[in-house]
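Visitor: Take this sequence and fold it.
(2 chains)
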Amino acid sequence: MKVNTMTIYWLETRSEFLKTIRVPAFAIPSLIFPLIFYVFFGLLFNQGGNQYPAYLMATYGVFGVIGPALFSFGVGVAIEKDQGWLALKQASPMPISAYFLARTLTAMAFALFIILSLFILAAVWGGVKLTLAQWTGTLLTLLLGSLPFAALGLWLGLKLKGQAAPAIVNLIYLPMAFLSGLWLPINLLPEIIQHIAWIFPAFHLAQLTLAIQQQSLGFDWYLHVGILLLMTAVFLTLATRAFKAHY
Amino acid sequence: MNTPILTISNLSKRYQDLTALTNLSLTFNKGEVIALLGANGAGKSTLINTLLGLIKAQSGDISIAGYPPGHIFSRQQIGCMMQSTQLPTTLTVYEHIQLFSSYYPNPHPVNETLKLAQLTDLSSRKLDQLSGGQKQRVYFALAICGNPQLIFLDEPSVGLDISAREVLWQCIEKLRQQGKTILLTTHYLEEAEALANRLIYLTLGKVVFDGSLNDFKSQYNAKSIRFKSQITIQQIENLPELESVEQRGQHYIVTSKRCETTLQSLFELDPLLSDLTVVQRSLEDIVKNLQRPSNSLDALNIREKSEYLAAQSKVKEIQEAQS
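Guide: Model prediction:
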């Protein structure tokens, strides 16, 4: 008899998902914060006119998908590595792909919930009107856009100690979100920050998402896609090296 | 007939400043329960982690049913229980076992594994609702659920009460009868004595003994002599065939390679000695003796000892050359 890889993928993903939602203290903040922020800055204190709710829906969408990806990998892997659970999994006949797929899909499920909730808030209370193609494009861009952050999180998770991981991941997540123009539109920030933002993957994903509704800074889309792919490759290479360092 | 499931040849592993395994060669056969013993730092964990593919050795070959360690086909042959693993606490016993079973080509049905590990009543509990001993049974269940040919159990009965340990032992015996190979590390020598039909003793990364329990006992002078006497410890140390002397209260405890010879001389030395007993030493006793630092080197034969010392001085030379 052969092992059924699809069964492993399914069970691994289900376990990962259950594991995450059964820790409400972990799950709820990463689900709720992007929505609360959007309600405050995008809807209640909207001073930017008609374009604002749509603009911030895109950037808080980016903020929302980064969180689960960065935390699921960055903090989750760090803790399981410290607890010896990762070693037991590595020694077991689990295909290593199952481990990453399960975490990626779990992070995407969280991302999907956040994106759809933002869509509803924006459409119902923000008066955001987009074409069907624009809604779908935004959804897919955000979901796929979580991959570079999963790779970054994986590298951090393999590098960091479990206890230090939450603090350090937040230290990267929150400043990056602000400096990439996820909380306030980037063109309201000083010009120097608009230049610095190019080093952050979050900036490029935000610009890609905003381009769908013609609200980006106007750089070519393939520039952002190229940089995101490059960053993903770099993070994955670093993660592979961190992984091998355990031997 | 012996059918090998795992062969190790000339395995060596060095950490920066330390030789963990030196030129190790071993063969594990089907149906063997092997107790791997040795002091802390003797290389037991390094050996197991190397077999699991978690550590890479510098030289030597390992074949697990024809595949190198870490290969998916060799991992499918192995179930293992590692020390100090913490399982995610929010999944249930059933969910954990179901997931692990799916990794193997020919697993036991989950309910059968639950029954075998006596977890049926606990199957819907989350891990954080279990006691230490119950968790230990979950780790054991994860090691056997895939119906693997080779089972590594690192300290399997830590935290178990006596009845749970009995059940575990019966389980291991059943697995042996099915032709599984079990590698056991344990600090409970009673456990090794009860389960193992082969004993491997590591000292400083070398196999100093590999054989049956009885051979082990007779090789490491299974008998000790206890008596009361007025003579001094220095006089006793000069007795023939003597291995060790210890003074406990008014008594001396002497171990000897041939206690008949030693006794003869002892009677000549002190015809008035009293309260004499000669006892079969327990495994625990022998191992305790072996683990005294001064005896670690004695356990190696002379050729091995000179090789070991030569190797150590070479390591030192290299280190000095580097710094």
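
Visitor: Just give me the neighbour total for residue 121.
Guide: In the absence of a named chain, chain A is used. Residues near A:L121, counting by other Cβ atoms under 10 Å in any protein chain shown, number 19. Every C-beta, even on glycine, is put in place using the N, C-alpha and C of the backbone.

Visitor: that's the other chain; I wanted chain B
Guide: Residues within reach of B:D121, counting by other Cβ under 10 Å, total 9.

Visitor: Would you indicate which residues of the least confident helix or strand in chain A by mean pLDDT are buried?
Guide: Least confident helix or strand, chain A: helix A:24-37 with a mean of 85, by mean pLDDT, DSSP states H and E. By neighbour count on 16 or more other Cβ atoms under 10 Å in any protein chain shown, the buried set for helix A:24-37 is A:F26, A:A27, A:S30, A:L31, A:P34, A:L35, A:F37.

Visitor: again, but for stretch A:195-213
Guide: Under 16+ other Cβ under 10 Å, the buried positions of stretch A:195-213 are A:197, A:200-213.

Visitor: Can you name the next helix or strand after the least confident helix or strand of chain A?
Guide: As assigned by DSSP states H and E, the chain's next helix or strand after helix A:24-37 is helix A:51-82.

Visitor: average pLDDT across that following helix?
Guide: For helix A:51-82, mean pLDDT is 91.

Visitor: Pull out the buried positions in that helix.
Guide: In helix A:51-82, counting by 16+ other Cβ under 10 Å, buried: A:52-81.

Visitor: For the least confident helix or strand of chain A, which outside residues touch it?
Guide: Helix A:24-37 has contacts (Cβ atoms under 8 Å, 6 or more residues apart in numbering or on different chains) with A:20-21, A:60-61, A:63-64, A:67-68, A:71, A:110, A:113-114, A:117-118, A:121, A:183.

Visitor: got the angle between that helix and helix A:51-82?
Guide: 160 degrees (axes from the mean of the first three to the mean of the last three Cα atoms, to 10 degrees).

Visitor: Could you tell me how far helix A:24-37 lies from the centre of the chain?
Guide: 13 Å (Cα atoms, centre = their mean, to the nearest Å).

Visitor: sorry, back to before: closest one of the buried residues of helix A:24-37 to A:I172?
Guide: The shortest gap between A:I172 and any of the buried residues of helix A:24-37 belongs to A:S30, at 14.6 Å (Cβ to Cβ).

Visitor: Now B:L283. Nearest residue, chain neighbours left out?
Guide: With sequence-adjacent residues excluded and distances taken as Cβ to Cβ, 6 or more residues apart in numbering or on different chains, B:L283 is closest to B:L189, at 4.4 Å.

Visitor: Would you quantify the distance from the one you found to A:F73?
Guide: For B:L189, the distance to A:F73 (Cβ to Cβ, to the nearest Å) stands at 43 Å.

Visitor: need the buried residues of helix A:24-37 in JSON lines with distance to B:S102, can you?
Guide: Below are these laid out as JSON lines (distance: Cβ to Cβ, whole Å):
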{"residue": "A:F26", "distance to B:S102": "25"}
{"residue": "A:A27", "distance to B:S102": "25"}
{"residue": "A:S30", "distance to B:S102": "28"}
{"residue": "A:L31", "distance to B:S102": "29"}
{"residue": "A:P34", "distance to B:S102": "34"}
{"residue": "A:L35", "distance to B:S102": "35"}
{"residue": "A:F37", "distance to B:S102": "40"}
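
Visitor: what two of those residues are the furthest from one another?
Guide: Maximum pairwise distance in the buried residues of helix A:24-37, criterion Cβ to Cβ, is 18.3 Å, between A:F26 and A:F37.

Visitor: in the chain, which residue is closest to the centre?
Guide: You didn't say which chain, so I picked chain A. In chain A, the residue lying closest to the centroid (Cα atoms, centre = their mean) is A:I66, at 2.0 Å.

Visitor: you looked at the wrong chain, it should be chain B
Guide: Central residue check for chain B by Cα atoms, centre = their mean: the C-alpha nearest the mean position is that of B:L36, 2.2 Å away.

Visitor: just checking, it is part of a strand?
Guide: Yes - judged by DSSP: H, G, I helix; E, B strand; the rest coil, B:L36 forms part of a strand.

Visitor: can you pull the contacts of it?
Guide: B:K44, B:L47, B:I48, B:L183, B:L184, B:T185, B:I200, B:L202.

Visitor: how many other residues sit next to residue 15?
Guide: Assuming you mean chain A. Close neighbours of A:S15, defined as other Cβ under 10 Å, add up to 21.

Visitor: wrong chain, I was asking about chain B
Guide: 9.

Visitor: Got phi/psi on it?
Guide: Dihedral angles of B:Y15 (phi, psi; degrees, to the nearest 10) stand at phi -90, psi 170.

Visitor: Near chain A, which residues of the stretch 1-150 of chain B are found?
Guide: For the stretch 1-150 of chain B, the contact set with chain A under Cβ under 8 Å from any Cβ of the partner chain comprises B:52-56, B:72, B:75-76, B:78, B:80, B:82, B:84-88, B:90-91, B:95-96, B:98-100, B:102-106, B:126, B:142, B:146.

Visitor: Can you pick out the ones from those that are in strands?
Guide: Among those, DSSP state E puts B:I78, B:C80 in strands.

Visitor: which among the residues of the stretch 1-150 of chain B next to chain A end up buried?
Guide: Buried by 16+ other Cβ under 10 Å: B:52-55, B:75-76, B:78, B:80, B:82, B:85, B:87-88, B:90-91, B:95-96, B:98-100, B:102-104, B:126, B:142, B:146, out of the residues of the stretch 1-150 of chain B next to chain A.
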